[in-house]
Each structure stands twice: as C-alpha cells, then as structure tokens.
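Student: coordinates only, sequence not included:
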C-alpha cells in the first residue's frame, strides 16, 4: 500500500478520473433518455393529430348524414341550408361565449402578485423608517 504525498496524488487523480467518467456517462444516459422520450412523444403527437383528422372527417360525415335525413322531409337545398344555418348559429354561440370569457379575464397583468409586491415594499419602507 502506497502512502505519502505520491499515493495521495495518485488517489486524487484516480478519483477525479472516475468522477469525470461518471459525469460523462450520466450525461450520455440523460441524452439517450431524452431521445427516447422525444421519439415517444413525437409518435404520440402524430397519433393525436391523426385522431383529430379522423374526428373532423367524422363530423363532416355526420353533418352530411343529418342533411340527408332532412332531405327525406324537405328538398335537398333546404336540408343543406338548414344544416348550414345550424352550424353558423353554433359558431356564433361559441364566439359569444369565448368573448365573454376573454372579457372576464381582464388584463393579463398579474394584479394580485403586483399588489402583494407593493404591500411588501411598503412594509419594508416602514421597517427601515421605524
């Protein structure tokens, strides 16, 4: 067993090399893990996009079926016009609800946080003055 300054230096160098290797391996592991997670997330996003596209086609076919069912009672052009007006009314209702929600939010300033900061500043001034 080596003792003394040379043994300590060699041991310190060995520990530093092992630590450097450990850090490098951890970095490589993190990169590999992120690559795997990124690939999985990308696949999930692609499948979600495909699902949204299929839902859009499904809604279109559903509206066509509604128009076809109405056409059994009224003329085709009137059935299509009724479905069109229903879609417009639904869109207008969504716009009105979204507008109300946007107005409810007010400004995008963090008013509570700003008020808390103002009060904290006031307390600090009083503390220094008193």
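Tutor: Looks like it came in fine. What you are looking at is a predicted structure, and each value in this text was computed from that prediction instead of being measured. Numbers count the residues shown, from 1 in each chain.

Student: Can you report the mean pLDDT over the residues of whichever strand or helix holds residue 21?
Tutor: In this structure, residue 21 is located in helix 5-71 according to DSSP states H and E. The average of the pLDDT scores along helix 5-71 is 90.

Student: go on, stretch 123-130?
Tutor: 76.

Student: start the count at 35, not 1, going forward
Tutor: From this message on, residue numbering opens at 35, which makes the last subject stretch 157-164.

Student: And the contacts of that stretch?
Tutor: By C-beta atoms under 8 Å, 6 or more residues apart in numbering, the list of residues contacting stretch 157-164 from outside is empty. Glycine gets a C-beta too; all of them are placed from N, C-alpha and C.

Student: Same question for stretch 108-127.
Tutor: 97, 100-105, 107.

Student: Would you mark the buried spots in it?
Tutor: Using 16 or more other C-beta atoms under 10 Å as the test for burial, stretch 108-127 gives 113-114, 116-117.

Student: Looking at those residues, which are in helices?
Tutor: Among the buried residues of stretch 108-127, DSSP state H puts 113-114, 116-117 in helices.

Student: So what does residue 141 look like in phi/psi?
Tutor: When read as degrees, to the nearest 10, the backbone of residue 141 gives phi -80, psi 160.

Student: Residue nearest the middle of the chain, spatially speaking?
Tutor: Nearest residue to the geometric centre of the chain (C-alpha atoms, centre = their mean): residue 79, 11.7 Å.

Student: From residue 137, how far out is it?
Tutor: With the distance defined as C-beta to C-beta, to the nearest Å, residue 79 ends up 33 Å from residue 137.

Student: re earlier: with pLDDT and distance to residue 75 as added columns, please give the ones in helices among the buried residues of stretch 108-127 in TSV.
Tutor: Below are those laid out as TSV (pLDDT from 0 to 100; distance: C-beta to C-beta, whole Å):
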residue	pLDDT	distance to residue 75
113	95	44
114	95	41
116	96	43
117	95	38
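
Student: of those residues, closest to residue 88?
Tutor: Among these, residue 117 lies closest to residue 88 (C-beta to C-beta), at 20.7 Å.

Student: what about the spatially closest residue to that closest one that is not a sequence neighbour, neighbour count?
Tutor: Among residues not flanking residue 117 along the chain, residue 101 sits closest, at 4.6 Å (C-beta to C-beta, 6 or more residues apart in numbering). Neighbourhood size, residue 101 [other C-beta atoms under 10 Å]: 18.
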